[in-house]
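Peer 1: Pasted the sequence and its predicted model underneath.
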Amino acid sequence: MQIAVAVETTDGDAEELDTLTRELGEELLLLDAAESVARPEGGAAPAGAKSGTATTLGALLVTGVFSRAALNTMVSLVSEWRQRAQARRVELTEGDDSLIVEGVSGRDQKALIEAWLQRRSGSDPQP
């Protein structure tokens with residue numbers, strides 16, 4: 001399974017966004033289920049850049065075999081990281097289905113997370 005992660009900051013500063021994305025990537029690599037965390041390429045790099053391709057700021061691709069429990073752990077990590085880093089929002093996308101983690105009420109966010117996890121695992125809701 002491959003999950004795209006998109007980070008947004010409150011002020012839109014590119015350097016801060018790059019730093020925050022790298023920090024989140026390092027934390028995601030600590031997950032047992034994550035086989036790799038990569039920055040997707042964004043096309044040709046600007047003239048004078050060290051590499052021939054540029055990475056997309058604020059974006060990560062997480063690849064692994066994720067059980068429902070592993071996905072829950074990943075979402076919890078992202079949610080806690082978003083609060084600590086004071087990022088505006090983080091979007092997790094698998095296929096055509098996205099989960100947006102942002103500053104909504106705890107109850108609403110929990111319901112959104114549970115619905116997304118259900119769709120990923122195809123299981124019945126838990127009480």
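Peer 2: Now that the structure is in, tell me what you want to look at. Numbers count the residues shown, from 1 in each chain.
Peer 1: Quick one: the strands in the chain, in order.
Peer 2: For the chain, the strands defined by DSSP state E occupy 2-8, 34-38, 41-44, 53-55, 59-64, 89-94, 97-102.
Peer 1: What are the boundaries of the helices in the protein?
Peer 2: Applying DSSP state H to the chain gives helices spanning 14-28, 68-85, 106-121.
Peer 1: hang on, the earlier thing: rank the strands of the chain by mean pLDDT and give me the bottom one.
Peer 2: Mean pLDDT per stretch puts strand 53-55 lowest among those, at a mean of 42.
Peer 1: If residue 4 is in a bridge, with which residues?
Peer 2: residue 61, residue 93 (DSSP bridges).
Peer 1: Isn't it up against residue 60?
Peer 2: Yes: using Cβ atoms under 8 Å, residue 4 is in contact with residue 60, at 7.4 Å. Just so you know, the C-beta spots here come from the backbone N, C-alpha and C atoms, and that holds for glycine as well.
Peer 1: quick one on the thing from earlier: nearest to residue 98, out of the helices of the chain?
Peer 2: helix 106-121 (8.0 Å; Cβ to Cβ).
Peer 1: Having no further points to raise, I will conclude here.
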